[in-house]
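**Student:** Model the structure of this input:
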Amino acid sequence: MARDREVGEVTGATVTAILEALLTRGPSTRANLTADTGLSRPTVSRTLALLLRAGAVEQVKDVNHGGRGRPPHLVRLSSRRADTLGVELGRGHIAFAMTDIAGSVVLAAACDTKPASSLVERANEALDLLLARARDARIDLTKIRSVVVGTPGPRYHNPGSRSGIDVSLARLSRERALVANVFTAALKAPVAVGNNTRYSALGEMSRRRAAGLGVDDLVYLRVDEGIGGGVVSGGELQAGAWDAAGEMGHISVDADGPACFCGGRGCLELVAALPAVLRAAAARDLDDLRDRATWDPAAMAAIVGAASATGRVVAGVLAVVNPSVLVIGGSVASLPGFLERVETVTRAVAPQWATLGLLVEAAATDHLLGAIGAAAAGYGPLGGAVPLVAQEVAVAGDVRSGPRGASTASNGRASLPFRT
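**Tutor:** Below is the predicted model of the structure:
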């Protein structure tokens, strides 16, 4: 607990103590804050006054108050100050999610976009969307601490050519750098660009934690035009040495199978990704395959074959990673019987301890998942924003250093350039 050396004194430590208490407890009364921090009532009152003027916290009525008289006011971390921004530039959609200082999503939106558009075009479209929505919601964007953008992996125009792969990777790297420039120029914040499927894994974990489910170990698999995924272990998204952790589509299911552009042979993606399943079923497209999935022998066999191969790969991943939740999504995974067959095969061939208590679930279908996961990746460890916010508030409130490194508010006035 932070103890004020003198009653009513406001220091950098008292600012930090109250921010951390609000982060831990959530909306609190002044009495709660006094008890949680160990500060005196005058110190809590004066520190809150500084935080309120700075826009770092806000007051709201206690809607759950059941007693007589007017409901008391609660203090909470500001919901109108964006701390972290997550963006997904999907192949057919764009999305963003903003989180506040506490890591809660305060604004999010998604819309369809042209699949043929470039990453840079989609980045500018997403930026226009989030600026317009933030302006309408009166969300401050001037203090964003981190921006994380998720994009699809490369499309190989000539998988059989090593030079074609190199060109595709170089093109993706260049486009991602241009995407980072778009957001850096507009938001004046650090920008990281990575794989959207990995961030979807983190989004699935965030979605469960928001529902009160304590999930720290999760594997996400997307079976679609390609096959990818993400691994969350100990609450952390795993990247790997080459940022490729989760590429389950490139685990071999047939050592004598065809060569894959990844350099391997007989990869799962060559058997279970949508193009492979369409070929096996002699189907025109996904809709044709879905229409025939419950009665046509060729379609049914193609789906069962893809699901069985996926189940064998998943069983190996479970033995290595040992998650408590397996989440599967994507257009192929949504085909009738696919998810059930994957679970049946997985439980049949995996070690018993690897499936003990395992939940197998369908992925969320909304387009916000990747953006929410990207925002979670940018937010970082719990309370990561507190030291920065405390420093900003202290500077804005003219909190100066006192004896033994303490800080004292000389005039209590705060003036942060918030755009609200």
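**Student:** Assign the residue lying closest to Ser104 once chain neighbours are set aside to helix, strand or coil.
**Tutor:** Sequence neighbours aside, Ser79 is the residue nearest to Ser104 in space, at 7.5 Å (criterion: C-beta to C-beta, 6 or more residues apart in numbering). The way it works is simple: take the backbone N, C-alpha and C, and place the C-beta from them, glycine included. Per DSSP: H, G, I helix; E, B strand; the rest coil, the local secondary structure of Ser79 is coil.
**Student:** What values do phi and psi take at Ser79?
**Tutor:** Backbone torsions for Ser79, taken as degrees, to the nearest 10, come to phi -90, psi 0.
**Student:** what do you get for Val360?
**Tutor:** Val360 adopts backbone torsions of phi -110, psi 120, taken as degrees, to the nearest 10.
**Student:** re the thing from before, neighbours around the residue nearest to Ser104, how many?
**Tutor:** When neighbours are defined as other C-beta atoms under 10 Å, Ser79 has 17 of them.
**Student:** now the stretch 51-200 of the chain, which segments are flagged as low pLDDT?
**Tutor:** Residue ranges of the stretch 51-200 of the chain with pLDDT under 70: 62-71, 154-169.
**Student:** which residue ranges form the helices in it?
**Tutor:** With helices called from DSSP state H, counting those that start in this stretch, the stretch 51-200 of the chain shows them at 119-137, 162-187, 196-210.
**Student:** those helices in the stretch 301-420 of the chain, which residues are they?
**Tutor:** Using DSSP H, counting those that start in this stretch, helices in the stretch 301-420 of the chain cover 338-349, 352-355, 369-379, 386-396.
**Student:** Format those as TSV; extra columns: mean pLDDT and mean neighbour count.
**Tutor:** Listed next are the helices of the stretch 301-420 of the chain as TSV, based on pLDDT from 0 to 100; neighbours: other C-beta atoms under 10 Å:
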stretch	mean pLDDT	mean neighbour count
helix 338-349	97	19
helix 352-355	94	14
helix 369-379	91	29
helix 386-396	65	19
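**Student:** Please identify the deepest-packed of the helices of the stretch 51-200 of the chain.
**Tutor:** Per-residue neighbour counts averaged over each of the helices of the stretch 51-200 of the chain give the maximum for helix 196-210, namely a mean of 25 (mean count of other C-beta atoms under 10 Å).
**Student:** need the next SSE after that helix, C-terminal direction.
**Tutor:** Once the chain leaves helix 196-210, the next helix or strand it forms, by DSSP states H and E, is strand 218-223.
**Student:** Give me the buried positions along that next one.
**Tutor:** Judged by neighbour count using 16 or more other C-beta atoms under 10 Å, the buried positions of strand 218-223 are Leu218, Val219, Tyr220, Leu221, Arg222, Val223.
**Student:** mind putting the residues you listed in TSV, pLDDT and distance to Gly380 included?
**Tutor:** Listed next are these as TSV, based on pLDDT from 0 to 100; distance: C-beta to C-beta, whole Å:
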residue	pLDDT	distance to Gly380
Leu218	96	18
Val219	97	22
Tyr220	96	20
Leu221	97	25
Arg222	95	24
Val223	96	30
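**Student:** so which of the residues you listed comes closest to Gly90?
**Tutor:** Of all the buried residues of strand 218-223, Arg222 has the smallest distance to Gly90: 11.2 Å, by C-beta to C-beta.
**Student:** Would you mind confirming that the closest one makes contact with Val327?
**Tutor:** No - Arg222 is not in contact with Val327 according to C-beta atoms under 8 Å; the separation is 9.2 Å.
**Student:** Now for these two: what residues contact both?
**Tutor:** Residues touching both Arg222 and Val327 by C-beta atoms under 8 Å, 6 or more residues apart in numbering: Ala363.
**Student:** the strands in the stretch 251-400 of the chain, which residues?
**Tutor:** Applying DSSP state E, counting those that start in this stretch to the stretch 251-400 of the chain gives strands spanning 325-329, 359-362, 399-401.
**Student:** and those, which is most packed in?
**Tutor:** Taking mean count of other C-beta under 10 Å, strand 325-329 is the most buried of the strands of the stretch 251-400 of the chain, at a mean of 24.
**Student:** which stretch among the helices of the stretch 301-420 of the chain comes nearest Val15?
**Tutor:** helix 386-396 (4.7 Å).
**Student:** okay, now the domains of this protein?
**Tutor:** Listed by automatic domain parsing, the domain ranges of the chain are 12-79+385-409, 84-379.
**Student:** how about Thr344, what does it touch?
**Tutor:** Each residue near Thr344 by C-beta under 8 Å, 6+ apart is listed here: Gly311.
**Student:** From Ala283, how far out is it?
**Tutor:** Look at Thr344 and Ala283: by C-beta to C-beta, to the nearest Å, they are 23 Å apart.
**Student:** With Met300 instead?
**Tutor:** To Ala283, Met300 is 12 Å away according to C-beta to C-beta.
**Student:** Out of those two, name the residue with the larger neighbour count.
**Tutor:** A count of neighbours by other C-beta under 10 Å puts Ala283 above the other of Met300 and Ala283, at 21 against 17.
**Student:** For that one, grab phi and psi.
**Tutor:** The phi/psi pair for Ala283 (degrees, to the nearest 10) is phi -100, psi 150.
**Student:** Isn't it up against Leu289?
**Tutor:** Yes - with contact defined as C-beta under 8 Å, Ala283 counts as touching Leu289 (4.0 Å).
**Student:** what touches both of these two?
**Tutor:** By C-beta under 8 Å, 6+ apart, the residues touching both Ala283 and Leu289 are Val277, Ala299, Ala302.
**Student:** For the residues you listed, give me CSV that also has neighbour count.
**Tutor:** CSV is the format used below for the shared contacts of Ala283 and Leu289 (neighbours: other C-beta atoms under 10 Å):
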residue, neighbour count
Val277, 24
Ala299, 24
Ala302, 26
